[in-house]
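A.B. asks: heads up, no residue letters with this:
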């Protein structure tokens, strides 16, 4: 089996006749809304995977909906069909909850060897749903995320080759958030961590290939776990037509604020970075765009020039009217699709090294990086004063996006990689 492989390799070639008509089953715990709705980065990644699978043959999907009161089955199927028009058939199954109303897939190895009832997708009904769907005869299964991969592991039924999209390596985010916990929480996290690691490694080992979103993550898994079948599938966006950076002195932050690292970054930007920016550029404005603005602690006492817009269905116009994007994210893992979007729109980016992690953007050329609020504010002030610097940085970021994160190229390359595996 080949070792390192990136989806960009060999993307220009056509698909072999031997693999035309591949039948695929995509399994996910995501419930993406209509295509007109702004969605998270992980949902956009799901769209990319679905498009790649549909490009090499017939595709069916199995989606595990969130536990709790369920929407009518026909409604869920209708929304998924509208979003994924090329899907031949949609299967829907509900997740289950563990005791106390919480799902603990990561505790399974610590509770009992086969205590899979802890996982929302590993109960008997969930496994039966997978086996019923997979029994229709597929050439491959692609599971996006640990929740989708769990029933694949539990099922004892024969199965075709499995591809596992680990995306941003869940245990890395888990570990990075341990220092933010109280000491009882740190102790609990340390007890739980071996189960998370064991589960992720078991999933990767059971897969023909494991997909991650950056070369940084590929090297991490290959060196730490000695996994030979890890491939990079970068997050990607459709690169829009180029537009000039506007002269208006405004700053943009985009991210779902129900995700704690984004809410923490927004609060840092509002309370510690923005006052420094406004002191030097009094006419500057800041827009925080993302669902659940109620999760931002300072929402009730915003400083002058700051707007919490909440969810916006369309972002292209927002990017076109934006002078620069600031992402002071200090906790997280994986690559941030919103920074890829900003780069694709040719907007200069000011970010922490962690926010830009895995994107391969060069500091001072395609992005401006800093760790501390004062240094981040200084970068923003410079760009708000120097339009030429904005244009230069934004154009370089756009070229990087065209080179590495163009959706059409990534979809074609992923389809070609899977097809070559099955040839």
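C.D. replies: Yep, that arrived. A quick note: this is a predicted structure, and the numbers were derived from the prediction, not measured. Numbering: from 1, shown residues only.

A.B. asks: wouldn't residue 127 be in contact with residue 151 here?
C.D. replies: Yes - contact criterion C-beta atoms under 8 Å: residue 127 and residue 151 qualify, at 4.9 Å. C-betas here are computed from N, CA, C, even on glycine.

A.B. asks: Neighbour count for the two, which is higher?
C.D. replies: Ranked by neighbour count (other C-beta atoms under 10 Å), residue 127 and residue 151 place residue 151 first, with 27 against 22.

A.B. asks: Identify the residue spatially nearest to that one, adjacent ones excluded.
C.D. replies: Once flanking residues are discounted, residue 151 sits nearest to residue 130: 4.4 Å by C-beta to C-beta, 6 or more residues apart in numbering.

A.B. asks: ok, now which ones touch the one you found?
C.D. replies: Going by C-beta atoms under 8 Å, 6 or more residues apart in numbering, residue 130 touches 27, 62, 93, 151, 152, 155.

A.B. asks: which stretch of helix or strand covers the fifth one?
C.D. replies: With the criterion set as DSSP states H and E, the secondary-structure element containing residue 152 is helix 146-154.

A.B. asks: Note down every partner strand of the next helix or strand after that helix and its orientation.
C.D. replies: Later in the chain than helix 146-154, the nearest helix or strand by DSSP H and E is strand 162-167. Using DSSP bridges, strand 162-167 pairs in its sheet with strand 140-144 (parallel), strand 209-212 (parallel).

A.B. asks: now what about the longest one, what contacts it?
C.D. replies: Strand 140-144 is contacted by residues 22, 24-30, 45-46, 49, 53, 134, 149, 152, 159-165, 167, 208, 418, 422 when judged by C-beta under 8 Å, 6+ apart.

A.B. asks: ok, now stretch 310-325?
C.D. replies: By C-beta under 8 Å, 6+ apart, the surrounding residues in contact with stretch 310-325 are 36-38, 240, 243, 245-254, 287, 289-293, 338-339, 341-342, 345, 347-350, 380, 383-384, 390.

A.B. asks: now with 7 Å?
C.D. replies: With C-beta atoms under 7 Å, 6 or more residues apart in numbering as the test, stretch 310-325 has contacts from 36-38, 240, 243, 245-246, 248-252, 254, 289-291, 293, 341-342, 345, 347-350, 380, 383-384, 390.

A.B. asks: just stretch 174-186 next, same as before
C.D. replies: 189, 193, 196, 331, 333.

A.B. asks: go again using 6 Å as the cut-off
C.D. replies: Stretch 174-186 is contacted from outside by 189, 196, 331, using C-beta atoms under 6 Å, 6 or more residues apart in numbering.

A.B. asks: quick one: the last one and residue 412, what's the gap?
C.D. replies: It stands for residue 331. When distance is defined by C-beta to C-beta, to the nearest Å, residue 331 is 34 Å away from residue 412.

A.B. asks: higher neighbour count, these two?
C.D. replies: Using other C-beta under 10 Å, the more surrounded residue of residue 331 and residue 412 is residue 412, with 21 against 16.

A.B. asks: Can you point out the helix or strand that includes the more buried one?
C.D. replies: Counting by DSSP H and E, residue 412 is part of helix 407-422.

A.B. asks: Give me the angle between that helix and strand 162-167.
C.D. replies: If you take axes from the mean of the first three to the mean of the last three C-alpha atoms, to 10 degrees, helix 407-422 sits at 150 degrees to strand 162-167.

A.B. asks: I'd like to know which elements helix 407-422 is packed against.
C.D. replies: If you count contacts as 3 or more C-beta pairs under 6 Å, 6 or more residues apart in numbering; DSSP states H and E, helix 407-422 packs onto helix 41-54.

A.B. asks: For the helix it packs on, enumerate the helices and strands it packs against.
C.D. replies: Where contact means 3+ C-beta pairs under 6 Å, 6+ apart, helix 41-54 is packed against strand 22-28, helix 407-422.

A.B. asks: Comparing those, which comes out most buried?
C.D. replies: strand 22-28 (a mean of 24; mean count of other C-beta atoms under 10 Å).

A.B. asks: ok so, going back, among the contacts of residue 130, find me the one that's closest to residue 268.
C.D. replies: For the contacts of residue 130, the minimum distance to residue 268 (C-beta to C-beta) is 36.5 Å, reached by residue 27.

A.B. asks: what sits opposite the closest one in the beta ladder?
C.D. replies: Assessed by DSSP bridges, residue 27 has beta-bridge partners residue 62, residue 143.

A.B. asks: What pLDDT is listed against it?
C.D. replies: Residue 27 is assigned a pLDDT of 96 by the prediction.

A.B. asks: That one contacts residue 150, doesn't it?
C.D. replies: No - between residue 27 and residue 150 there is no contact, the gap being 9.8 Å when judged by C-beta atoms under 6 Å.

A.B. asks: related to what we said a few turns ago, and of the strands paired with strand 162-167, who's closest to residue 370?
C.D. replies: Residue 370 sits nearest to strand 209-212 of all the strands paired with strand 162-167, at 26.4 Å, using C-beta to C-beta.

A.B. asks: re earlier: same list, the strands paired with strand 162-167, but as JSON lines with distance to residue 261, mean neighbour count and mean pLDDT please.
C.D. replies: Output for those, formatted as JSON lines (distance: least, C-beta to C-beta, whole Å; neighbours: other C-beta atoms under 10 Å; pLDDT from 0 to 100):
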{"stretch": "strand 140-144", "distance to residue 261": "20", "mean neighbour count": "25", "mean pLDDT": "96"}
{"stretch": "strand 209-212", "distance to residue 261": "19", "mean neighbour count": "26", "mean pLDDT": "95"}
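
A.B. asks: could I get the ones you listed as TSV with distance to residue 89?
C.D. replies: Converted to TSV, those look like this (distance: least, C-beta to C-beta, whole Å):
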stretch	distance to residue 89
strand 140-144	14
strand 209-212	23
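
A.B. asks: any low-confidence regions in this protein?
C.D. replies: Where the chain drops to pLDDT under 70, the residues are 1-20, 31-39, 68-74, 97-119, 333-335.

A.B. asks: Would you map the strands across the stretch 1-150 of the chain?
C.D. replies: Secondary structure of the stretch 1-150 of the chain by DSSP state E, counting those that start in this stretch: the strands cover 5-6, 22-28, 57-65, 89-94, 140-144.
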